[in-house]
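Trainee: test case, fold it:
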Amino acid sequence: MATRRWSYTPNAKPYEVVEAVGAATVTGPIELTIDLGLVMQGNTVALARQQVLEGVQKIFEQLEKSNWPPA
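Mentor: Now for the predicted structure:
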């Protein structure tokens, strides 16, 4: 499984956001993982970067309007 993962740990120095590749293994309290093997439409056309960014924006919007912490 080809993945790309971004991890954020508040107050961690010297790097705030860490980018990693490989298996989707949790390494921080806040993470975004994109499974590059599944970022396909009909197994023929890769999603554009803009489509991934739009998906992340939708997740962000859901977090903003949802109760926190989630149940």
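
Trainee: low-confidence ranges in the protein?
Mentor: Low-confidence segments of the chain, defined by pLDDT under 70: 1, 24, 38-46.

Trainee: show me what contacts the spatially most central residue of it?
Mentor: What sits nearest the mean C-alpha location of the chain, by Cα atoms, centre = their mean, is Leu32, with 2.1 Å. For Leu32, the contact set (Cβ atoms under 8 Å, 6 or more residues apart in numbering) comprises Arg5, Trp6, Val56. All C-beta spots, glycine's among them, are computed from the backbone N, C-alpha and C.

Trainee: what helix or strand does it sit in?
Mentor: Element membership for Leu32, per DSSP states H and E: strand 30-35.

Trainee: next one: that strand to chain centre, how far?
Mentor: With Cα atoms, centre = their mean, to the nearest Å as the basis, strand 30-35 stands 3 Å off its chain's centre.

Trainee: who's the residue nearest to the centre of the chain bridged to?
Mentor: Note on Leu32: beta-bridge partners Trp6, judged by DSSP bridges.

Trainee: and the gap between Ala2 and Val17?
Mentor: Per Cβ to Cβ, to the nearest Å, Ala2 is found 20 Å from Val17.

Trainee: with Gly37 instead?
Mentor: Separation of Gly37 from Val17 (Cβ to Cβ) stands at 23 Å.

Trainee: how about the strands in this protein?
Mentor: Using DSSP state E, the strands of the chain run over residues 3-8, 17-21, 30-35, 40-41, 45-46.

Trainee: which strands and helices sit next to the second one?
Mentor: Yep, that's strand 17-21 we're talking about. strand 3-8 (3 or more Cβ pairs under 8 Å, 6 or more residues apart in numbering; DSSP states H and E).

Trainee: which ones are touching the closest residue in space to Pro29 that isn't next to it in sequence?
Mentor: Nearest non-adjacent residue to Pro29, counting by Cβ to Cβ, 6 or more residues apart in numbering: Thr9, 6.1 Å away. Residues near Thr9 by Cβ under 8 Å, 6+ apart: Glu16, Gly28, Pro29, Ile30.
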